[in-house]
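K.L.:
Need coordinates for the below:
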Amino acid sequence: MKKIECIIRSEKLKDLTEGLLGVGIGGMTVSEVRGFGVQSIRPESFLFVHKTKIEIYALDSQVNEILAVILKECFSGKAGDGKVAVIPLDNCIRIRTKEKMDKAIV
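P.N.:
Below is the predicted model:
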């Protein structure tokens, strides 16, 4: 199991959501965030840019397909397209049913 986190341009959210639903993800969490990266010119004048953060819990078998959708839908080729991180997930529990691991994700 993996947790996929990505920071994307906010205007890409609708296209990304449609693409991810098309490959059958079980759900995702969306947060409005602010930050800076290589687009900042000087450290003393950090520009906190508004972005959208997506978090997805995924089965190992889903990761490559999810990454392909993220890269396809969020790429513009310009600074500020975002980042994707794939993080190992040791355990996951659905609170309502107490289901664990894979059963808690799908």
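
K.L.:
What helix or strand is residue 85 located in?
P.N.:
Using DSSP states H and E, residue 85 sits in strand 82-88.

K.L.:
That strand - what's its average pLDDT?
P.N.:
Taken as a whole, strand 82-88 has an average pLDDT of 96.

K.L.:
Please spell out the segments of the protein that come in under the pLDDT threshold.
P.N.:
Along the chain, the parts satisfying pLDDT under 70 run over 38-46.

K.L.:
how about the helices in it?
P.N.:
For the chain, the helices defined by DSSP state H cover 13-22, 63-74, 102-105.

K.L.:
From the contact counts, what lies against the first one?
P.N.:
This points to helix 13-22. strand 49-58, helix 63-74 (3 or more CB pairs under 8 Å, 6 or more residues apart in numbering; DSSP states H and E). Heads up, the C-betas are built off the backbone N, CA and C, glycines and all.

K.L.:
of all these, which lies closest to residue 99?
P.N.:
strand 49-58 (12.4 Å; CB to CB).

K.L.:
Tell me what angle the closest one forms with strand 82-88.
P.N.:
Counting by axes from the mean of the first three to the mean of the last three CA atoms, to 10 degrees, strand 49-58 points 30 degrees away from the direction of strand 82-88.

K.L.:
Could you pull up the residues touching the closest residue to residue 7 other than its chain neighbours?
P.N.:
Counting by CB to CB, 6 or more residues apart in numbering, residue 82 is the residue found nearest to residue 7 once chain neighbours are left out, at 4.5 Å. Taking CB atoms under 8 Å, 6 or more residues apart in numbering, we find residue 82 in contact with 6, 7, 8, 9, 51, 74.

K.L.:
and with 6 Å instead?
P.N.:
Counting by CB atoms under 6 Å, 6 or more residues apart in numbering, residue 82 makes contact with 7, 8, 74.

K.L.:
With distance to residue 31 and neighbour count as new columns, can those be given to me in a markdown table?
P.N.:
Shown next, in a markdown table, are the contacts of residue 82 (distance: CB to CB, whole Å; neighbours: other CB atoms under 10 Å):
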| residue | distance to residue 31 | neighbour count |
| --- | --- | --- |
| 7 | 10 | 20 |
| 8 | 11 | 23 |
| 74 | 16 | 23 |
